[in-house]
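Colleague: How does the following fold in three dimensions:
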Amino acid sequence: MPVLNSIAEMEAEMKGWRRHLHAHPELGLECRETAAFVAARLRDFGVDEVHEGIGKTGVVGLIRGRAGGRTIGLRADMDALPMPETTGAAHASTVAGRMHACGHDGHTTMLLGAAKYLAQTRNFAGTVALVFQPGEETGEGGPAMLADGMMDRFAIAEIYALHTSPKQDLGTFVTRPGPFMAAVSDFDIHIRGRGGHASRPEESRDPVAAALTIGAAIQTILARNTAANDQLVVSVTQVHAGSTHNVIPATAYIGGTIRSYRPEVQDLAKRRLREICDGIAAAMGVTVEIGGQIDLAPTLNDPDATRFAVSVAAEVSGEGQVTSDHPPLMGSEDFGAMLAERPGAMLFLGQGKGPGVHETDFDFNDAAAPIGASYFARLVERALPLG
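Modeller: Numbers count the residues shown, from 1 in each chain. Purely as a prediction, here's the structure:
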């Protein structure tokens, strides 16, 4: 793999950054120490401008090339997950109940490596915006940075991202134009009735019966409201109610998720969910409130940007190492919000096959970092050529 020589020479340094980040995970938008670490490294590299506090704890660094031109954005996420770690690694999380189980420590490291190289060489005409984002796992970070005007403030014309994949061989890339990752809308359904003795259900307004009816009816959204090729998933993943055998409780809860690749299908499913809940609530004499914390757009790769990104990946890893028509994934990414505002593409970079992301024994493979950093660096030099 033709990893750029000066980036290959950084491998030990990048490993140090990555393992420091892994040992000190932070959650959601509260990535204060991580952001401070990133900002300090960017200043050490001689990045022209470092802007902090975007989207609460997001960081944007600007590197200007040797001539004027447009601005290309490169994005990495910084947050970890609220889960225990079982890797047993010397650099394992030092914070109980938190770990980097999705490779964001590696994503941040790859972008830092590219930043150091680009700040030293500046073999491009234009500006690079290095976007370090908090809150991807909660779906808050991308939208928060956009709400702070990031795209217009830094005149970002296109934006690209990488995500590690423990399902692919080391150094391989996979992506696709159009829908690559799904929209996701989590739902919380709170049902309130009137509790009572289980022997006298006629005196109650049973939220358990309502919950069971709603749970079954939700499945008709997929079966009867969408076409077979609409690629929709509606999953009930939680049902909570009651505390003992002979008491009808006053409340019940249903949680779940809706995922699809097209906004109109997502909107249809959310509308039908509300109509089902309202109808069953009226029929069974209970009240229903529907909420949800995550509501993310699909990750839609721009076709032209994807073709360009694939050509860069092939330059780094070789033609046979890049899959440009990978099946779309039902996982989700808040990078989709950025792609809704600017053209760009997300690619997955194989780190070698092993434990999956969001598993307690997952760890980013440090051997992938120079490959990802080289991809980012070559993408800038190809997109913003001198002369």
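Colleague: how about the helices of the stretch 1-150 of the chain, start to end?
Modeller: In chain order, the stretch 1-150 of the chain shows helices spanning 5-8, 11-23, 32-45, 104-121, 141-147, 150-153, with DSSP state H, counting those that start in this stretch as the criterion.
Colleague: Go through the first one and flag the buried ones.
Modeller: Translated: helix 5-8. Applying a neighbour-count criterion of 16 or more other C-beta atoms under 10 Å, one finds Ile7 buried in helix 5-8. In short, each C-beta sits where N, CA and C put it, glycine included.
Colleague: neighbouring contacts of that helix?
Modeller: If you take C-beta atoms under 8 Å, 6 or more residues apart in numbering as the criterion, helix 5-8 is touched by 113-114, 117, 120-121, 370, 373-374, 377.
Colleague: how about 7 Å then?
Modeller: Outside of helix 5-8, the residues within contact range by C-beta atoms under 7 Å, 6 or more residues apart in numbering are 113, 117, 370, 373-374, 377.
Colleague: Using CSV, list the CA coordinates for that helix.
Modeller: The C-alpha coordinates for helix 5-8 follow below in CSV (Å, rounded to 0.1, in the frame of the first residue of the first chain):
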residue,chain,number,x,y,z
ASN,A,5,6.3,8.2,3.3
SER,A,6,6.1,11.2,5.8
ILE,A,7,2.8,9.8,7.2
ALA,A,8,4.4,6.3,7.5
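Colleague: closest one to Ile290 among the helices of the stretch 1-150 of the chain?
Modeller: Each of the helices of the stretch 1-150 of the chain has some distance to Ile290 by C-beta to C-beta; the shortest is helix 141-147, at 20.3 Å.
Colleague: Pull out the buried positions in that closest one.
Modeller: Buried, per 16+ other C-beta under 10 Å, within helix 141-147: 141-146.
Colleague: Same question for stretch 65-84.
Modeller: When burial is assessed from 16+ other C-beta under 10 Å, stretch 65-84 yields the following buried residues: 65, 69, 71-81, 83.
Colleague: In TSV, list these along with distance to Glu203 and pLDDT.
Modeller: Formatted as TSV, the entries for the buried residues of stretch 65-84 read as follows, by distance: C-beta to C-beta, whole Å; pLDDT from 0 to 100:
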residue	distance to Glu203	pLDDT
Gly65	75	98
Gly69	74	97
Thr71	67	98
Ile72	67	98
Gly73	61	98
Leu74	63	99
Arg75	57	99
Ala76	58	98
Asp77	52	98
Met78	54	98
Asp79	49	98
Ala80	49	98
Leu81	45	98
Met83	43	98
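Colleague: Now, those residues that are in strands?
Modeller: Among the buried residues of stretch 65-84, the members found in strands (DSSP state E) are 69, 71-77.
Colleague: Packing partners of the helix or strand that contains Pro370?
Modeller: Remark: Pro370 resides in helix 369-383, with elements defined by DSSP states H and E. Here helix 369-383 is seen to pack against helix 5-8, helix 11-23, strand 67-77, helix 104-121, strand 156-165, helix 303-317 when contacts are counted using 3 or more C-beta pairs under 7 Å, 6 or more residues apart in numbering; DSSP states H and E.
Colleague: counting contacts, what elements does the third one pack onto?
Modeller: Applying 3+ C-beta pairs under 7 Å, 6+ apart, one finds that strand 67-77 makes contact with helix 104-121, strand 125-133, strand 156-165, helix 369-383.
Colleague: for the second one, same thing?
Modeller: Packed against helix 11-23 by the contact rule (3+ C-beta pairs under 7 Å, 6+ apart) you find helix 32-45, helix 104-121, helix 369-383.
Colleague: ok now that helix, how far from the chain's centre?
Modeller: The chain centre lies 21 Å from the centre of helix 11-23; the measure is C-alpha atoms, centre = their mean, to the nearest Å.
Colleague: pLDDT below threshold where in this structure?
Modeller: Judged against pLDDT under 70, the low-scoring parts of the chain cover residues 1.
Colleague: Would you mind splitting it into its domains for me?
Modeller: According to the domain assignment given by automatic domain parsing, the chain is divided into the following structural domains: 5-180+298-383, 183-295.
Colleague: Please save the CA atoms from the helix holding Pro370 in CSV.
Modeller: What follows is helix 369-383, C-alpha atoms only, in CSV (Å, rounded to 0.1, in the frame of the first residue of the first chain):
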residue,chain,number,x,y,z
ALA,A,369,-4.2,4.9,10.8
PRO,A,370,-1.5,5.7,8.3
ILE,A,371,-3.7,4.4,5.5
GLY,A,372,-6.6,6.6,6.5
ALA,A,373,-4.4,9.6,7.0
SER,A,374,-2.8,9.1,3.5
TYR,A,375,-6.3,8.8,2.0
PHE,A,376,-7.3,12.2,3.5
ALA,A,377,-4.1,13.8,2.5
ARG,A,378,-4.2,12.6,-1.1
LEU,A,379,-7.9,13.5,-1.4
VAL,A,380,-7.0,17.1,-0.6
GLU,A,381,-4.0,17.2,-3.0
ARG,A,382,-6.1,15.7,-5.8
ALA,A,383,-9.2,17.8,-5.2
